[in-house]
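In: any chance you could fold what I've pasted below:
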Amino acid sequence: MNKIDVNSPEFMAEKEKTVKFVEKVQKSTGWVYNPDNEVNESVIVGLTRNQIIYGKKYCPCFVVQESGNNRVCPCTIGVKEEIPTDGTCHCGIYCTPEFAQSQKIEIEAEVVAHTHSRGLSKAECEALLKEVSIDGDDIDSLLEARELGLVDFKLVDVREWNEWKHKRIEGTDFLVPTTSFYQSVEQLEEFKNFPLIVYCFSGSRSNYIQRVMKDMGYKHVVNFRRGIMSYSGKTIRG
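Out: Numbering: from 1, shown residues only. Now for the predicted structure:
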């Protein structure tokens, strides 16, 4: 195992060269840093480490293979496929300006939802509804924004009728029980292109239903991870 002292003068000097290298690549391509500075720092440290150990800036997100079939930053796949398609490379340090801006909005939305420092903006609501999963604070903020008319979505409970009757999130629009899903999901047919949030008790059933619905052609399905058991917002019974 190669142990590198990241605080050593040697490492710090090489790290400075790596930063200049990354910024030179960005300048020549029009790419920008990831808005999450932790991502950038982690990748820069990894590139520096690989430069010191192997003599090349191998991508730190992959194991360096003795066969020599390794990605060298900026890697060909990132340049030709990942960035044009996804807006960012696999490691996340190179981003298109458009992707970086969307990520910045998502990060800000998460901060606002969890600190309740203010209400969500329309763009922040839309960013949350593009996430794969959200938590209770996110749902509370989205429900508040929906009441204000900033965003629209449907909140779907996929538990059973007795669970729904016992306690459900205030603002729930539909009950689509997992055990009778294919019979009940018909009521959502007109919302295939509409943002939907699904939830259950722990997030397990809703995660499964999320995958099923995406396979059925539903475009925007978000899972409430950890489910209603973790929810501290308003609930209703009956």
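
In: all strands for this structure, in order.
Out: Remark: strands assigned in the chain by DSSP state E are 133-134, 154-157, 168-169, 174-175, 196-199, 221-224, 235-236.

In: pick the most deeply packed of these.
Out: Ranked by mean neighbour count under mean count of other Cβ atoms under 10 Å, the strands of the chain are led by strand 196-199, which reaches a mean of 28. Just so you know, the C-beta spots here come from the backbone N, C-alpha and C atoms, and that holds for glycine as well.

In: direction included, what does that strand pair against?
Out: According to DSSP bridges, strand 196-199 forms sheet pairs with strand 154-157 (parallel), strand 221-224 (parallel).

In: what does the last one rub up against?
Out: The set of residues external to strand 221-224 that reach it, using Cβ atoms under 8 Å, 6 or more residues apart in numbering, is 128-129, 131-136, 139, 195-200, 203, 206-207, 210, 213-214, 231.

In: figure out which of the strands of the chain is closest to K57.
Out: With Cβ to Cβ as the measure, strand 133-134 is the member of these nearest K57 (33.6 Å).

In: show me what the longest helix that the chain contains is packed up against.
Out: In the chain, with assignment by DSSP state H, the single longest helix is helix 9-29. For helix 9-29, the elements it packs on are helix 37-54, judged by 3 or more Cβ pairs under 8 Å, 6 or more residues apart in numbering; DSSP states H and E.

In: same question for the helix it packs on, mean pLDDT?
Out: Per-region confidence: helix 37-54 scores 89 on mean pLDDT.

In: and stretch 139-155, by the same measure?
Out: Stretch 139-155 carries an average pLDDT of 93.

In: for that stretch, measure first residue to last.
Out: Terminal residues of stretch 139-155 lie 9 Å apart, using Cα to Cα, to the nearest Å.

In: give me the contacts around that stretch.
Out: For stretch 139-155, using Cβ under 8 Å, 6+ apart, the contacting residues are 112-113, 116, 119-122, 125-126, 128-129, 134, 169-174, 188, 191, 194-197, 199, 224, 231, 233.
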